[in-house]
Structures are given as C-alpha cells and as structure tokens.
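[1] need a structure here:
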Amino acid sequence: MGCEVRERGVCATLDVGQIGDMESAVSVKRLSEGQLLMLEGDPSDHVANVTRGRLKVYKSLPDGRTQLLRVLRPGDFIGAPFRDRTACTVAAITECELCILPRKELERLFERHREIEHAVMRQLEDELAEAQSRILTLGRKTAMERVAGFLVDEQEHARTCGEQADRLILPLGRAEIGDLLGLTIETVSRCMTRLKKAGIIALEGGKSERVSVLDTGRLQDLAGVQAY
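    Numbering: from 1, shown residues only. Prediction:
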C-alpha cells in the first residue's frame, strides 16, 4: 500500500513489520469539501492520519460562534486516543483522504508494538507544542507578526510536502485566517496589502487565494523567526 506521507507523522519511525500491522487495521476514508470527520462531543472511537488535503479543527461556543484552532495537513494525526469523547469538530477544507484506525485496534497495536504508542505520543507532544506557540502568538505578537508568521508556516509546510514554498495556495480565506490569528478580516487584509506594497509578496485572487512570496528573508524578519 503506497503512502505519500509515510516518511512523516506517526509512521515515520516505524519499521516494516509495524507498518504492516498498521496497514492491516486501517481503512481509507475520503471527504468532500466541507464534510465533517468528527463532531465535538461524539464518542472517540477512531483516530486518523491525513494523507491528502486539509482539514480544520474548531470548537463551538454556546452562542453558536466557532473558534478555529488548527489546520491539519498531510502527515498530521487526528483523534483522542486516550479520551472517551472528542474535544473538537474536524471538517474538510478541501477534498481529503485519510487513513482511519478504530481506537480498539490502536489499543491492540499499542500492546503489540510499544514504538507505535511512542510515535502517537510524539505526535500529541508536537500538537501541544504548536498550541503553546499559538498562545504566545495571540498573547504577544503584533498583527503583522501574526500574518507574516502564518505565511512563513505555510512556506514550511509546503517544503515538507515537496511543494513550491514561494507560490502558496492558502487553505483559508481571510476571515478564517483572522479567526485563527485572533484578528479581524479587515486587519488581515491591511497586513496583506502592506506586505504587497512592500514588495514582499504578490497576491492573486480566486476561490483559493494564491500568494507568491517574493522576499522570504524579509517575511521571516517581520514574523520574528530565524531563517530556515
């Protein structure tokens, strides 16, 4: 069974036998744009690994509003293997393909292969580190640092997926980017315009906004990150 993300995520550190056991337990699920994978509060009866496409993770507030928490990409792990209920809703941003693994099968694999359990724990630790970084971004960084940082993150994910890091197709609209970064859509638009006028990026509209990064160094400086 070929897999384009085998070298990333949970499977990256597993040997052939461990991967074989994983493959015998998983099924492939495809989602169309907007389709739900998990609903907040549902029983946590399966986990998944993204192999193609992008999904969004969000929580609902009592008044009906939602808060976007994370964007999932190929190689990312989804699910709560140690909880009885799902904490967030997960929905497809684009057409997606995932490897689905029942939680009971995952527990069986944990018993047989300790390295699989370690791999899942590393993924969860990475998710925690990402959440902590986002708290820092929301609490301390300026609007421009947040928007520039978002674009730098998109570049890094593009590199990881073997895509062009200087020609990005953003997974979110500006309103959702603002939701993720704690900014209004107007502020996101102003920051994008400033980056364009400064010659750091070029913008192309359409259903999915395309961004050409013209000066990665200056973008990283504005984001307050070290060069890759």
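
[2] which residues does the nearest residue to Thr89 once chain neighbours are set aside contact?
    Ranked by C-beta to C-beta, 6 or more residues apart in numbering and with sequence neighbours excluded, the top spatial neighbour of Thr89 is Glu40, at 4.5 Å. All C-beta spots, glycine's among them, are computed from the backbone N, C-alpha and C. If you count contacts by C-beta atoms under 8 Å, 6 or more residues apart in numbering, Glu40 has them with Lys59, Ser60, Thr86, Ala87, Cys88, Thr89.

[3] contacts only, for the closest residue to Leu124 other than its chain neighbours.
    Counting by C-beta to C-beta, 6+ apart, Leu124 lies nearest to Phe77, which is 7.6 Å off, once chain neighbours are set aside. The contact partners of Phe77, taken as C-beta under 8 Å, 6+ apart, are Gly9, Val10, Val47, Ala48, Asn49, Val120, Gln123, Leu124, Glu127.

[4] the residues you listed in helices, which ones?
    Taking DSSP state H, the ones among the contacts of Phe77 that sit in helices are Val120, Gln123, Leu124, Glu127.

[5] among the contacts of Phe77, which one lies nearest to Gly139?
    Distance ranking of the contacts of Phe77 against Gly139, using C-beta to C-beta, places Glu127 first at 18.8 Å.

[6] who's in contact with that closest one?
    Counting by C-beta under 8 Å, 6+ apart, Glu127 has contacts Arg70, Phe77.
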